[in-house]
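Colleague: Next one to model:
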Amino acid sequence: MPNIKVNDPAERLEPAYLFPDGNEEELKNLVAVAKDVVPGVSCRAVVVQGGDLRYAMPLVKGTSVRSTVVIDFPDGLGGLRAKSDQARFAAQCGVREADVVVNLRDVAARDKTSILAECHAVREYIPEIKMIAQIPYLWKINRNHIFWLTDFLQ
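Modeller: This next block holds a predicted model:
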């Protein structure tokens, strides 16, 4: 992990809004909190689904808060094409960071090739990515999948 100077832990927060039934007002509230989580301190980013970028991007413009898109939420099962299409759309909106949901079936099959291909498909459009996973699902299926995934992604 790089040596990062953090003046306040709030600078590392990334509040997320990933609900399918939300509205513009809720996104405005999310961004307002992210801009001033405590007096004078902003969060690092807000995380939203691709469809909410049109609301979130203008709200963070000109601030230190970034917009991060979550790709293939919630289970990653959309696969290579879905991830690529979502990444392309987000890049066209100006996003430079993505949280990519790991395909849970690929984890269960321990298919490293497919997981990496999906990462590369997103990186074609978005330079900074991190992988995220629905750990409760993996825990329910077989908790050893969690250890395999973390070892693989190190």
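Colleague: Every contact and neighbour count from this point should use C-alpha atoms.
Modeller: Noted.
Colleague: List phi and psi for the residue in the chain sticking out farthest from the centre.
Modeller: Largest separation from the mean C-alpha position in the chain: Pro39, at 25.7 Å (C-alpha atoms, centre = their mean). With angles defined as degrees, to the nearest 10, Pro39 sits at phi -50, psi 120.
Colleague: ok, so what distance separates it from Val33?
Modeller: Note on Pro39: its distance to Val33, by C-alpha to C-alpha, to the nearest Å, is 10 Å.
Colleague: try Gly94
Modeller: Counting by C-alpha to C-alpha - Gly94 and Val33 are separated by 22 Å.
Colleague: and if you look at Pro15?
Modeller: From Pro15 across to Val33, the span is 9 Å (C-alpha to C-alpha).
Colleague: Same question for Leu59.
Modeller: Distance of Leu59 to Val33, computed by C-alpha to C-alpha: 12 Å.
Colleague: higher neighbour count, the two?
Modeller: Neighbour count, other C-alpha atoms under 10 Å: between Leu59 and Val33, Leu59 has more, with 19 against 15.
Colleague: tell me which strands and helices the helix or strand of the chain with the lowest mean pLDDT is in contact with?
Modeller: Here the helix or strand of the chain ranked lowest by mean pLDDT, DSSP states H and E is helix 135-142, holding a mean of 85. Helices and strands touching helix 135-142, by 3 or more C-alpha pairs under 8 Å, 6 or more residues apart in numbering; DSSP states H and E, are helix 144-153.
Colleague: Next, the residue positioned nearest the centre of the chain: phi, psi?
Modeller: Closest to where the C-alpha atoms of the chain average out (C-alpha atoms, centre = their mean) is Asp99, at 2.2 Å. Note on Asp99: backbone dihedrals following degrees, to the nearest 10 are phi -100, psi 110.
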